[in-house]
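>>> Give the three-dimensional model of this entry:
(chains A, B, C and D)
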2 protein chains.
Amino acid sequence: MTTSDGDAGSNGAAPTLAEVARLANVSVASASRALNGIKTQPETLEQVLAAAARVGYVPNASARSLRSKRTGQVAFSMPDVANPAYTSMLRAIQGVARERGYRLVLHSTGADAAEELAILRDLRRRFVDGLILVPINVTPEHAEELSRASAPVVVIGRLPAEVPVDVVEVDSRRGAALAVKHLHAHGRRRIGFVNGPVKTTPGHARRLGYLDALRAVGLQRDDALVETAEDFTLDAGHEATLRLLARARPDALLCANDLLALGAIGALRSTGCEVPADVAVVGMDNSDLGAIAWPALTSVDLGTSERARRAASLLLDRIEDPDRAPERIRVAPKLVVRASSARARKGRRP
Amino acid sequence: MTTSDGDAGSNGAAPTLAEVARLANVSVASASRALNGIKTQPETLEQVLAAAARVGYVPNASARSLRSKRTGQVAFSMPDVANPAYTSMLRAIQGVARERGYRLVLHSTGADAAEELAILRDLRRRFVDGLILVPINVTPEHAEELSRASAPVVVIGRLPAEVPVDVVEVDSRRGAALAVKHLHAHGRRRIGFVNGPVKTTPGHARRLGYLDALRAVGLQRDDALVETAEDFTLDAGHEATLRLLARARPDALLCANDLLALGAIGALRSTGCEVPADVAVVGMDNSDLGAIAWPALTSVDLGTSERARRAASLLLDRIEDPDRAPERIRVAPKLVVRASSARARKGRRP
DNA sequence: CGATCCGCTGTAAACGTTCTCAGTAATCCT
DNA sequence: AGGATTACTGAGAACGTTTACAGCGGATCG
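Predicted coordinates:
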């Protein structure tokens, strides 16, 4: 009895509102109203509900969105599913979306700017009520397309001030600086930097933060200590670190990313360096990986989940009230110290 | 000129097919045909295309699916976004879907059976053309609901033979056995087992595999060496391992999951055990984490990405041809040996 | 007691496509 | 040359909802 389809079985097709109405001896309009919780006489309400239950009526999503112009779906577009930072975002967004009754459509752009633009344009198909976008870098074309997007968009990342779009951002420049200062305070003096591509927004910002901090603590900038990886992945971090080690002897490494940092730790180990005894390592993102790694990874917490959660709320709020002024939320970075950046081996300062 | 909206601007509303038709001096029917690549006289084709480009026409997804009964969306439902095994699946599925022109809707059930059922029922709303489901365990209700699902479903996991649904499965029972035999061959004799909940399909199967192998290699079963974690997460693995260590002294641990394994390594370390010198550890899933961990984690490769990829292909094939007989694809497990299961310390066999 | 309002209901018009069907002109075959 | 076939087109009916509008009893008010 529990999962019975009632007597709909006679007809293979999915039951429609018209059938429910006929069975309940009311008009489709009344049936619709009853099912949507619009004031109805108790008696008819009951009949409609009974009829609907009897045939196992389920409203058709396409028809509903065509008419009501709302799909109940939001999209999340990110560069790479494999990056745990984005997975955390995904998780947070999925949570908020589900809680507020929206479905989540996922796009992975593979860090391709053209793909991002395509997704923005695709909003015009209206299969989604809004979009959360994590762009890898923002071209003028992005800005242009964002300003005229045909559905609400929230960007997680940096955006020129004149683009009238909700933004949730974090000062990762300052975050990178925090890390360098921490390393300096713990006695490290040859602090290297394994960055991701400088053309990306995070790569650019973190490089600036690294330089800021060197200046602030009075260390000489040495480009031999800086290397950029192909992308923000584990393997790229490994490769980049090997290149760096081939020409320089850092006593600490800031990595633009936890994945890069883990790659770096692997590379250090393979060349016989101990972490943190010989070389301290700090990552960024404070992803779950940090706790898994050995030694546990010191990392800059960029409030990944929080940003995602707030972006999602912002988007849903805007969908429900499109006339609000664009907001710009800023989250503060903070350093999470773990074992990988402990003080250097005593008395060993070659 | 490149990103011009043409002269649609006068009217705020999105341009509709009717407008394109009017501009091209043809009927909506012809316009539709022209845009959908159905044979049209070159002259009208050109006019329609020009008109469409001029107003920046984009077809409305809801209207299209309402009429054509196809949404171009598929759903992927998994227990937990945070588990890297599922993330790999997500990645693979996203790839296939995108390649074949489908969008991906994501559901995370939080390992809640009721939620899974709700998703199956929700198929009747028809906002999606098909579903890939990774159930945490299959109740009779699942089977019932699966048999009568109103859109194609592919299950990744185990399913009773009589349910007429495509399945992609892996023999994780044999996989677990492989691991135990490997440990035995390397001289381990007190092989413990950190399992996930036994009520889940994987938990059940892996337990059987563990017992199979003990019997096969002639080891005495000792329930003090077996502990089950609350769920398949890192923390649960940590806790469970601590419980196990409090009452037994294994020289090896099979973990039902890479996350559990990493949790176990942490727990071992915190109690002063070295891996693999004192205790060997083997995980299952062969997720990316294995390479990150230290020592690198020996793990049973359950073909995660491959299963997902094949499930996705299967689903799309079925959507495009619903009358094919249900398929049952089986992927073979294989052991990937890394450092965490190297031979025990010489001469130390207390 | 007639006018006004209130609460509910049914009719019918959207929403923007796709696709069947019939119609028309041009081409083919015998 | 006449009928059959072909190649394209337009009118209009779906698809399954939501919702503006009008109708219609019954209650309320002066």
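>>> Run a quick neighbour tally on the residue of the stretch 251-350 of chain A found nearest DNA strand D.
Nearest residue of the stretch 251-350 of chain A to DNA strand D, counting by Cβ to the nearest atom of the strand: residue A:320, 13.6 Å away. For every residue, glycine as well, the C-beta is placed using N, CA and C. Neighbour count for residue A:320, taken as other Cβ atoms under 10 Å in any protein chain shown: 12.
>>> Check the gap between it and chain B for me.
19 Å (Cβ to the nearest Cβ, to the nearest Å).
>>> which residues does that residue contact?
Going by Cβ atoms under 8 Å, 6 or more residues apart in numbering or on different chains, residue A:320 touches no other residue.
>>> do you know how far it is from residue A:314?
11 Å (Cβ to Cβ, to the nearest Å).
>>> do residue A:279 as well
Separation of residue A:279 from residue A:314 (Cβ to Cβ) stands at 40 Å.
>>> How about residue A:110?
Distance from residue A:110 to residue A:314, by Cβ to Cβ: 26 Å.
>>> Write out the residues of chain A neighbouring DNA strand C.
With Cβ under 7 Å from any atom of the strand as the criterion, chain A meets DNA strand C at residues A:25-30, A:33, A:39-41, A:43-44, A:63, A:66-67.
>>> Please enumerate the strands of the stretch 151-300 of chain A.
Remark: strands assigned in the stretch 151-300 of chain A by DSSP state E, counting those that start in this stretch are A:153-156, A:166-170, A:191-195, A:226-228, A:252-255, A:280-284, A:298-301.
>>> Which residue would you name as the spatial centre of chain A?
Nearest to the mean C-alpha position of chain A, by Cα atoms, centre = their mean, lies residue A:89 at 3.7 Å.
>>> What sits closest to whatever residue of the stretch 251-350 of chain A ends up closest to DNA strand C if chain neighbours are left out?
Nearest residue of the stretch 251-350 of chain A to DNA strand C: residue A:322, at 16.7 Å (Cβ to the nearest atom of the strand). Distance criterion Cβ to Cβ, 6 or more residues apart in numbering or on different chains; nearest residue to residue A:322, sequence neighbours excluded, is residue A:152 at 6.5 Å.
>>> Let me see the contact set for that neighbour.
Residues in contact with residue A:152 (Cβ under 8 Å, 6+ apart) are A:129, A:130, A:131, A:166, A:315, A:318, A:319, A:322.
>>> quick one: the residue nearest to the second one when sequence neighbours are not counted and residue A:72, what's the gap?
Using Cβ to Cβ, 6+ apart and skipping residues adjacent in sequence, the residue nearest residue A:130 is residue A:152, 4.2 Å away. Per Cβ to Cβ, residue A:152 is found 14 Å from residue A:72.
>>> Only alpha carbons, please: show stretch A:308-328 as PDB.
What follows is stretch A:308-328, C-alpha atoms only, in PDB (Å, rounded to 0.1, in the frame of the first residue of the first chain):
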ATOM      1  CA  ALA A 308      30.700  29.300  -1.200                       C
ATOM      2  CA  ARG A 309      28.000  29.300   1.400                       C
ATOM      3  CA  ARG A 310      27.600  33.000   1.300                       C
ATOM      4  CA  ALA A 311      27.700  33.100  -2.500                       C
ATOM      5  CA  ALA A 312      24.900  30.600  -2.600                       C
ATOM      6  CA  SER A 313      22.800  32.500  -0.100                       C
ATOM      7  CA  LEU A 314      23.400  35.700  -2.000                       C
ATOM      8  CA  LEU A 315      22.400  34.100  -5.200                       C
ATOM      9  CA  LEU A 316      19.200  32.700  -3.900                       C
ATOM     10  CA  ASP A 317      18.300  36.000  -2.200                       C
ATOM     11  CA  ARG A 318      18.800  37.800  -5.500                       C
ATOM     12  CA  ILE A 319      16.800  35.300  -7.400                       C
ATOM     13  CA  GLU A 320      13.900  35.900  -5.000                       C
ATOM     14  CA  ASP A 321      14.400  39.700  -5.100                       C
ATOM     15  CA  PRO A 322      16.300  40.800  -8.200                       C
ATOM     16  CA  ASP A 323      16.200  44.500  -7.400                       C
ATOM     17  CA  ARG A 324      18.600  44.500  -4.500                       C
ATOM     18  CA  ALA A 325      21.800  46.400  -5.000                       C
ATOM     19  CA  PRO A 326      24.900  44.300  -5.800                       C
ATOM     20  CA  GLU A 327      26.800  43.200  -2.800                       C
ATOM     21  CA  ARG A 328      30.500  42.700  -2.300                       C
END
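>>> State the mean pLDDT of that stretch.
For stretch A:308-328, the mean pLDDT works out to 95.
>>> what distance separates the start and the end of stretch A:326-344?
47 Å (Cα to Cα, to the nearest Å).
>>> Show me how far it is from its chain's centre.
Between the centre of stretch A:326-344 and the centre of its host chain there is 17 Å, according to Cα atoms, centre = their mean, to the nearest Å.
>>> now swap in stretch A:201-211 and tell me
Worked out by Cα atoms, centre = their mean, stretch A:201-211 lies 19 Å from the chain centre.
>>> Pull out the buried positions in that stretch.
Of the residues in stretch A:201-211, A:201, A:202, A:203, A:204, A:205, A:206, A:207, A:209, A:210, A:211 count as buried by neighbour count, 16 or more other Cβ atoms under 10 Å in any protein chain shown.
>>> Narrow these to those in helices?
A:201, A:202, A:203, A:204, A:205, A:206, A:207, A:209, A:210, A:211 (DSSP state H).
>>> can you list the residues of the stretch 1-150 of chain A near DNA strand D?
A:13-14, A:16-18, A:28-29, A:32-33, A:35-36, A:57-60, A:63-64, A:66-68.
>>> where does chain A have low pLDDT?
A:1-12, A:345-350 (pLDDT under 70).
>>> go with 90
A:1-13, A:39, A:82, A:110-112, A:136-137, A:288-294, A:321-323, A:343-350 (pLDDT under 90).
>>> And the helices in it?
Using DSSP H, helices in chain A cover A:17-24, A:28-35, A:42-55, A:61-68, A:84-99, A:113-122, A:140-147, A:172-185, A:201-217, A:234-245, A:258-270, A:289-292, A:304-320.
>>> and among those helices, the most buried is which?
Each of the helices of chain A was scored by mean neighbour count; the highest is helix A:258-270, a mean of 25, by mean count of other Cβ atoms under 10 Å in any protein chain shown.
>>> ok now it, how far from the chain's centre?
23 Å.
>>> Next one: the residue nearest to the centre of chain A from chain B, what distance?
From residue A:89 to chain B the distance is 10 Å (Cβ to the nearest Cβ).
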